[in-house]
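**Student:** how would this look folded up:
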Amino acid sequence: MLVAKASLYEHPLRVIYHFLKVDTALFMALVILCMSGLVVLYSASGGDIDAIQKQLARLAIGFAGLLLFAQIPADQLRSWSLWLYVIGVALLVLVLVSGESGKGAQRWLNLGFVRFQPSELMKIWLPMMMAWYYSERVLPPSLKDIFVGFVILLVPTALIIKQPDLGTSILVAGAGLFVIFLAGIRYRVIAVFVGLLLATAPVLWFYLRDYQRGRILTLLDPERAPLGAGYHIIQSKIAIGSGGVYGRGWLNGTQSQLDFIPERSTDFIFSVFSEEFGFIGTSLLTMVYLFIVVRGLVISARAQTCYARLLGGAISLSFFSYVFVNIGMVSGMLPVVGVPLPLISYGGTSMVTLLIMFGVLMSINSHRKLLGH
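**Tutor:** Take a look at the predicted model:
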């Protein structure tokens, strides 16, 4: 007993692991990312202390959720997957029936004490559902199982598109597609689906709303409307370029401090970061993001069950896609779809959901090791 206690005192990180069941390296990377977000948010919001306090409160809720879900074994989460998916779909239907509207979209539910977006919850509940479905089947999946997986994926995606929220619908669909990919879908099947998607692209174009078409056209030629649809991209690219190698310094970005960058606290906060911290700062930020993704994939590869491997892999790849889409969007490589920069942008439900997702990853890791003992 004394030997065991001494061992714990000699290794404080082991104490953290045993009592909190968190992956120390991953947890510290998330803390660094969130603290960096607070620093740049202070600048992007013009020193708005109220915004910082709200972000801190959301971070506290998010990390509490992370620690809570880190204690729940993956097998327990697996048993909840179907019910959480059904609840999520029901909430999305409720949003369309009686949800709150804002900025031309109906995306929120107001419960009196909290206002949230159910679509954000589907970023974790959908891959949980699909991982549960495929973990019950022989892999690689048959065409029938692939078809069922697409139906599971399309139901919440279609409901989110109706809000409308194209950005979140793409991310939710992507999370489901990652599960199908990790389940071992054959490359010939992937080629067929890509071909079908390309063939139906002209038809899908006519189902897009006018502003969504405008965003795609603006991507191809931002100068076509420099004071309209192209304004966001033009100002964002100017800010990123003006940062140079070392950046203009914290609170010294002209594009952000003079209000040239729209939505600079949310979707375009990467532009503020790039202008103030330059190429070196953005490289370090990107390295932190890549470390988190790689660490998540390592945890997933070591998981002991099919469900845990599929879910952990989907979470890690989904996080990568969020970062890729936001940075691609603000740098003019992808259309503007309203996707925040993970754990940096000002936001509520999205940040809490992301931290809970990492709590699930840490649960997969810690309970694997406990089983191993």
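
**Student:** which residues in this structure form strands?
**Tutor:** 100-102, 105-110, 115-116 (DSSP state E).

**Student:** can you pull out the helices in the stretch 51-200 of the chain?
**Tutor:** Under the criterion DSSP state H, counting those that start in this stretch, helices of the stretch 51-200 of the chain are mapped to 74-98, 118-135, 143-161, 166-182, 187-205.

**Student:** now stretch 340-355: mean pLDDT?
**Tutor:** Averaged over stretch 340-355, pLDDT sits at 88.

**Student:** please apply the same query to stretch 69-82.
**Tutor:** Stretch 69-82 comes out at a mean pLDDT of 92.

**Student:** where's I327 relative to V179, distance?
**Tutor:** According to C-beta to C-beta, to the nearest Å, I327 stands 24 Å off from V179. For glycine as for every other residue, the C-beta is placed from the backbone atoms N, C-alpha and C.

**Student:** what do you get for G243?
**Tutor:** G243 is 37 Å from V179, where distance means C-beta to C-beta.

**Student:** same deal with F279?
**Tutor:** On the measure of C-beta to C-beta, F279 and V179 end up 35 Å apart.

**Student:** those two: which is more packed in?
**Tutor:** V179 (29 against 14; other C-beta atoms under 10 Å).

**Student:** for the more buried one, give me the pLDDT.
**Tutor:** 94.

**Student:** for it, give me its contacts.
**Tutor:** The neighbours of V179, taking C-beta atoms under 8 Å, 6 or more residues apart in numbering as the test, are 127, 130-131, 134, 149, 310-311, 313-314.

**Student:** okay, those residues in JSON lines with pLDDT and neighbour count next?
**Tutor:** Shown next, in JSON lines, are the contacts of V179 (pLDDT from 0 to 100; neighbours: other C-beta atoms under 10 Å):
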{"residue": "P127", "pLDDT": "95", "neighbour count": "31"}
{"residue": "M130", "pLDDT": "95", "neighbour count": "28"}
{"residue": "A131", "pLDDT": "95", "neighbour count": "30"}
{"residue": "Y134", "pLDDT": "94", "neighbour count": "25"}
{"residue": "G149", "pLDDT": "92", "neighbour count": "22"}
{"residue": "L310", "pLDDT": "95", "neighbour count": "28"}
{"residue": "L311", "pLDDT": "95", "neighbour count": "34"}
{"residue": "G313", "pLDDT": "95", "neighbour count": "24"}
{"residue": "A314", "pLDDT": "95", "neighbour count": "30"}
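
**Student:** good, wrapping up.
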